[in-house]
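S.K.: sequence first, predicted model second:
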Amino acid sequence: MSHKITFRERGQGPILILLHGYGGSIHHWEAVASQLEAHYRVIIPNLTHLYMSSDKLFFTVQVEVLAKFIQEHFPRERVHLAGLSYGGALSWALAAQHPHLVEKVALINPMVTDPVKNFLLKELRFFFSIPLNLKSIYVMLSTPMGNSFLKKAAHIFRDERAEGAISLERLKGRKLQLVAHMIHHFAWILRSEDWQFWNKKLFHYRGECRLIFDDSDLLFHQDAYLKFAKHLGCEDLVVLKGAGHLAIKSKPDIVARHLLDFLLVESVSQKIAK
């Protein structure tokens, strides 16, 4: 696949770009976006081709592709960003690398720097730290350990629209091969990135940020989020309860309210512009 970015648009007003997670969908934002469109021109990019590009884009390159997307479609405008999980990581990276493009950034259960080291589950740390080839990953997923991994992954990333469909841990054949391909591709992205570069970059970030995370998220422990917030210099923290990792699907009303509370407050740059 190429890394061409298509997008859905709704509402009028300042630009608000919503970024979904790796393996996620624009549909994950639907319920949240419907509550934001009265105040913002909401842009929801489909990032599947960017994430799964056949030419394997480094995380840093993905950030630049998104920066180009913003510059081409919304020239001379500073946008608001909100990102979930891997989309949250792209959001903080965009804000840090291209502060002239971003007004405010909201991070929802974002992927933190050095993600593999911070994954809460040992199965995740194993699958994303060892450089297995695609065939090896497929074989591993067919074992009891792989079954356990898929079961826990489904619990973290479960899409409510998939209820009643075949369980992730019971996938076989081509569907299991697709999952293996996604894991292989994602593992390459995580292992290939220079996270020390981003660690240093974020120490100098001074933008307006809100970090929203769930206290029982199974991907990262809340201590990892608190440490990341301190690293980022983000003092505006919102702790959810019972939302899980896919908070924009499980608690869309609550997430939308916290986004509006943050975004509708006049920013420092807006006051200066006046």
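M.R.: Good, I have the coordinates.
S.K.: and Thr82, helix, strand or coil?
M.R.: That one is not Thr; residue 82 is Ala. strand (DSSP: H, G, I helix; E, B strand; the rest coil).
S.K.: list the contacts for it?
M.R.: Ala82 makes contact with Leu16, Ile17, Leu18, Leu19, Ser91, Val105, Ala106, Leu107, Ile108, Leu259, according to CB atoms under 8 Å, 6 or more residues apart in numbering. To be clear about C-beta, it is placed using only N, CA and C from the backbone, and glycine gets the same treatment.
S.K.: quick one: contacts for Phe119?
M.R.: Arg125, Phe128, Leu219, Phe220.
S.K.: same question for Gly146.
M.R.: Counting by CB under 8 Å, 6+ apart, Gly146 touches Met140.
S.K.: which of the contacts of Phe119 are buried?
M.R.: With burial judged by 16 or more other CB atoms under 10 Å, the buried subset of the contacts of Phe119 is Phe128, Leu219, Phe220.
S.K.: you'd agree the first one is in a helix?
M.R.: Yes - per three-state DSSP, Phe128 lies within a helix segment.
S.K.: and it, how far is that from Ile137?
M.R.: 10 Å (CB to CB, to the nearest Å).
S.K.: just give me the neighbour total for Phe186.
M.R.: Using other CB atoms under 10 Å, Phe186 has 18 other residues around it.
S.K.: buried residues in the helix or strand containing it, which are they?
M.R.: Taking DSSP states H and E as the definition, Phe186 sits inside helix 173-192. Within helix 173-192, the residues that count as buried by 16+ other CB under 10 Å are Leu176, Gln177, Val179, Ala180, Ile183, His184, His185, Phe186, Ala187, Ile189, Leu190.
S.K.: tell me the mean pLDDT over it?
M.R.: Throughout helix 173-192, pLDDT has a mean value of 88.
S.K.: other residues contacting that helix?
M.R.: So helix 173-192 is contacted by 22-23, 51-52, 56-59, 115-116, 127-129, 131-134, 137-138, 141-142, 150, 166, 168, 171 (CB under 8 Å, 6+ apart).
S.K.: one more time with 6 Å, if that's ok
M.R.: Contact with helix 173-192 is made by Tyr22, Gly23, Met52, Phe58, Phe59, Pro115, Val116, Phe128, Leu134, Ile137, Tyr138, Leu141, as judged by CB atoms under 6 Å, 6 or more residues apart in numbering.
S.K.: quick one, which of these are buried?
M.R.: Buried among these by 16+ other CB under 10 Å: Tyr22, Gly23, Met52, Phe59, Pro115, Phe128, Ile137, Tyr138, Leu141.
S.K.: distance of the closest residue to the second one other than its chain neighbours relative to Lys122?
M.R.: Of all residues not flanking Gly23 in the chain, Met182 sits nearest, at 5.6 Å (CB to CB, 6 or more residues apart in numbering). Applying CB to CB, the value for Met182 to Lys122 is 20 Å.
S.K.: can you show me the helices along this protein?
M.R.: Assigned by DSSP state H, the chain shows helices spanning 30-36, 48-51, 59-73, 86-97, 115-118, 122-129, 134-141, 144-157, 173-192, 195-203, 222-232, 247-250, 252-263, 268-273.
S.K.: export those helices as JSON lines, with columns for distance to Ile5.
M.R.: Formatted as JSON lines, the helices of the chain follow (distance: least, CB to CB, whole Å):
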{"stretch": "helix 30-36", "distance to Ile5": "17"}
{"stretch": "helix 48-51", "distance to Ile5": "6"}
{"stretch": "helix 59-73", "distance to Ile5": "5"}
{"stretch": "helix 86-97", "distance to Ile5": "12"}
{"stretch": "helix 115-118", "distance to Ile5": "23"}
{"stretch": "helix 122-129", "distance to Ile5": "25"}
{"stretch": "helix 134-141", "distance to Ile5": "26"}
{"stretch": "helix 144-157", "distance to Ile5": "22"}
{"stretch": "helix 173-192", "distance to Ile5": "17"}
{"stretch": "helix 195-203", "distance to Ile5": "22"}
{"stretch": "helix 222-232", "distance to Ile5": "25"}
{"stretch": "helix 247-250", "distance to Ile5": "19"}
{"stretch": "helix 252-263", "distance to Ile5": "22"}
{"stretch": "helix 268-273", "distance to Ile5": "26"}
